[in-house]
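Peer 1: no sequence for this one, just the structure:
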């Protein structure tokens, strides 16, 4: 699902049909798409089909996800989406542990707004779960760090250590500085921002496929085009991962619809394309070190 604001009109013919263009997918990608379809079918209570619309940013209405079901668009709010996901997750965990789950602790990015925190409480209420604590991710990592220290040698536990924790996921980046000694820790400073892996991925998609922005603005996707875009995202994500250990990666993709990518992407090129994201990360680290007086 794209991190974009899509619009659809009730007057527009949004029927979904097959396309003559076939896209070859690996088994892993097919499984991912199957899981997404199964989950959305659970959310909407019926056999939901592509396309899924995801309203998330730069809009004046509440964010929601919509699916095309029986020739109609059905939508779910953030709370409903997360709530039904929590119900499924709770069921899986209870089956695995063979006992009921009632209380939960969530780790959340530092930059989460109060509205986002409220969504978590509401969603857990829908799933019959009580939120004991919403713990910032750096705090959770600090706890792990201290536990890891305790399992090491005794002499290592006695000395004071200062650690900088950097964490970037799909949509958020957290930085913190902690001080740990004798099985205890103190967070000296922490900061965060809403930048993440999606920004790296989006920048590379726009770089390798100049028409990507226009493609995302289309009102309705056909099944094969949705699969094509999912396949593209997965492959470019693989390219980014490989560039962590390789200086260059060859990209050779035929997505149909006249969309082709055939070039060698270098690590230097990747860094240039994402220079602004990396500069933001650098500023977060410097600010956190200053706040910690280090």
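Peer 2: Received it, and whenever you're ready, just let me know what you need. From a predicted model like this one, the values you see are computed outputs, not experimental measurements.
Peer 1: dump the residue contacts of residue 90.
Peer 2: 101, 127, 128, 129 (CB atoms under 8 Å, 6 or more residues apart in numbering). (Each C-beta comes from the backbone N, C-alpha and C, glycine too.)
Peer 1: quick check, nearest of these to residue 263?
Peer 2: Proximity of these to residue 263 was ranked by CB to CB; the top entry is residue 127 with 46.1 Å.
Peer 1: what helix or strand is the residue lying closest to that closest one once chain neighbours are set aside on?
Peer 2: Nearest non-adjacent residue to residue 127, counting by CB to CB, 6 or more residues apart in numbering: residue 86, 3.8 Å away. Using DSSP states H and E, residue 86 sits within helix 78-97.
Peer 1: what's the answer for residue 237, then?
Peer 2: Assessed by DSSP H and E, residue 237 sits inside helix 223-242.
Peer 1: the inter-axis angle of the helix or strand following that helix versus helix 223-242?
Peer 2: Sequence-wise, the next helix or strand downstream of helix 223-242 (DSSP H and E) is strand 248-256. Here strand 248-256 points in a direction 180 degrees away from that of helix 223-242 (axes from the mean of the first three to the mean of the last three CA atoms, to 10 degrees).
Peer 1: Quick check: neighbours of strand 248-256 in the sheet, parallel or antiparallel?
Peer 2: Strand 248-256 has its sheet partners listed here by DSSP bridges as strand 259-266 (antiparallel).
Peer 1: Surely residue 171 forms part of a strand?
Peer 2: No. Under DSSP: H, G, I helix; E, B strand; the rest coil, residue 171 sits outside any strand and is assigned coil.
Peer 1: gap between the nearest residue to residue 253 once chain neighbours are set aside and residue 241?
Peer 2: Leaving aside its chain neighbours, residue 253 sits nearest to residue 261 (4.5 Å; criterion: CB to CB, 6+ apart). Note on residue 261: its distance to residue 241, by CB to CB, to the nearest Å, is 17 Å.
Peer 1: what helix or strand is residue 124 on?
Peer 2: Secondary structure (DSSP H and E) places residue 124 in helix 114-126.
Peer 1: Now that helix: buried residues?
Peer 2: Judged by neighbour count (16 or more other CB atoms under 10 Å), helix 114-126 contains these buried residues: 119, 120, 123, 124.
Peer 1: Need those residues in CSV (columns: pLDDT).
Peer 2: Listed next are the buried residues of helix 114-126 as CSV, based on pLDDT from 0 to 100:
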residue, pLDDT
119, 86
120, 90
123, 89
124, 91
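Peer 1: which among those residues gets closest to residue 294?
Peer 2: Distance to residue 294 across those (CB to CB) is lowest for residue 120, with 32.1 Å.
Peer 1: Tell me who's in contact with that closest one.
Peer 2: Contacts for residue 120 (CB under 8 Å, 6+ apart) come out as 82, 106, 108, 131, 134.
Peer 1: What of residue 159?
Peer 2: Residue 159 is in contact with residue 181, counting by CB under 8 Å, 6+ apart.
Peer 1: How much space separates it from residue 182?
Peer 2: In this structure, residue 159 and residue 182 are 9 Å apart, going by CB to CB.
Peer 1: Which neighbours do these two have in common?
Peer 2: Here residue 159 and residue 182 have no joint contacts, going by CB under 8 Å, 6+ apart.
Peer 1: which non-adjacent residue is nearest residue 207?
Peer 2: Among residues not flanking residue 207 along the chain, residue 273 sits closest, at 4.8 Å (CB to CB, 6+ apart).
Peer 1: How much space separates residue 210 from residue 259?
Peer 2: Distance, residue 210 to residue 259, by CB to CB: 11 Å.
Peer 1: higher neighbour count, these two?
Peer 2: Using other CB atoms under 10 Å as the criterion, residue 210 and residue 259 rank with residue 259 on top: 17 against 9.
Peer 1: give me the beta-bridge partners of the more buried one?
Peer 2: Beta-bridge partners recorded for residue 259 (DSSP bridges): residue 256.
Peer 1: what sits against it?
Peer 2: By CB under 8 Å, 6+ apart, the neighbours of residue 259 are 209, 211, 228.
Peer 1: Turn those into JSON lines, columns for neighbour count and pLDDT.
Peer 2: Supplementary listing: the contacts of residue 259 in JSON lines, determined by neighbours: other CB atoms under 10 Å; pLDDT from 0 to 100:
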{"residue": "209", "neighbour count": "19", "pLDDT": "82"}
{"residue": "211", "neighbour count": "10", "pLDDT": "73"}
{"residue": "228", "neighbour count": "24", "pLDDT": "73"}
